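**Q** Okay, predicted coordinates and the sequence, questions at the end:
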Amino acid sequence: MRKEVLFSGFGGQGVILASVILGRAAAVYEGLYAVQTQSYGPESRGGASKAEVVISDEPIDYPKTIHPDYAVFFSQEAYSKYLHTVKEGAKVIVEKDLVPHRDLEFEKKLDVIALPLTEIAENTTGLSLTMNILTLGVLTEWTGIVGREAIEKAVLDAVPHGTEEINRRALLEGFKLGEKVRSGRS
């Protein structure tokens, strides 16, 4: 079982943190092999950012994604640049408000959900910055790539001290949204 996950957006959206948390959940709390890689522009905020996680039940021989099984797009630039790298049938999460121009023809080959993730995070926690954690909840519940308990422990390990409760709230809201998507109620 080799599963490839692509997170992409722009600096400041928590793309890299989300990928680190997913890798930690898989490796530390699920006992799987996981490799996380990242690349980003020279700007820390606003530049393009991409992070990849490969999860497997056996040693990983190549640490990069080839054709991601799952992808998260937080910006138009990321969507336009990486959408065509995902494999047919991939589960894709799109930040609806930040990706206004979509390739609906190509998306027919994929399983895509587009949600106003930033707005939902802001309404849930008062902070748009928790959008990445909310998205991890959606991804976990929708795909089952790791268990709820594993991702929650990994989130609480990784977020800044003093923000654990607000991030837990974002994650739990993500679980609810993911469950709705999985059961076809979104």
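**A** All right, it came through fine. Numbering: from 1, shown residues only.

**Q** quick one, phi psi at Val35?
**A** phi -130, psi 130 (degrees, to the nearest 10).

**Q** Can you tell me how far it is from Lys91?
**A** 20 Å (Cβ to Cβ, to the nearest Å). Every residue, glycine included, has its C-beta placed from N, CA and C.

**Q** now Ala150
**A** Distance, Ala150 to Lys91, by Cβ to Cβ: 18 Å.

**Q** just Glu77 next, same as before
**A** For Glu77, the distance to Lys91 equals 21 Å [Cβ to Cβ].

**Q** who has more neighbours, the two?
**A** Using other Cβ atoms under 10 Å as the criterion, Glu77 and Lys91 rank with Lys91 on top: 20 against 17.

**Q** Can you name the residues bridging to that one?
**A** On the basis of DSSP bridges, Lys91 is bridged to Tyr70, Asp111.

**Q** Contact partners for it?
**A** Listed by Cβ atoms under 8 Å, 6 or more residues apart in numbering, the contact set of Lys91 reads 69-71, 110-112, 142-143.

**Q** do that again at 7 Å, thanks
**A** Under the criterion of Cβ atoms under 7 Å, 6 or more residues apart in numbering, the neighbours of Lys91 are 70, 111, 142-143.

**Q** same deal with Glu173?
**A** Glu173 neighbours (Cβ under 7 Å, 6+ apart): 120, 124, 134, 137.

**Q** Just the ones of those in helices?
**A** 120, 124, 134, 137 (DSSP state H).

**Q** Most neighbours among those residues, which one is it?
**A** Leu134 (31 neighbours).

**Q** I'd assumed Leu117 was in contact with that one.
**A** Yes - counting by Cβ atoms under 7 Å, Leu134 does reach Leu117; the two are 6.1 Å apart.

**Q** and for these two, which residues touch both?
**A** When Cβ under 7 Å, 6+ apart defines a contact, no residue borders Leu134 and Leu117 alike.

**Q** Could you name the specific helix or strand carrying Ile66?
**A** Assigned by DSSP states H and E, Ile66 falls within no helix or strand.

**Q** Any idea how many residues pack against it?
**A** For Ile66, the count of nearby residues is 11 (other Cβ under 10 Å).

**Q** if I pick it, what's in contact with it?
**A** By Cβ under 7 Å, 6+ apart, the residues touching Ile66 are Glu4.

**Q** Let's see that with 10 Å instead.
**A** Neighbour list for Ile66: 2, 4, 52, 54, 85, 87 [criterion: Cβ atoms under 10 Å, 6 or more residues apart in numbering].

**Q** And for the third one, the neighbour number?
**A** Close neighbours of Glu52, defined as other Cβ under 10 Å, add up to 22.

**Q** repeat for the last one
**A** Neighbour count of Lys87, defined by other Cβ under 10 Å: 15.

**Q** how far away is it from Ser19?
**A** 18 Å.
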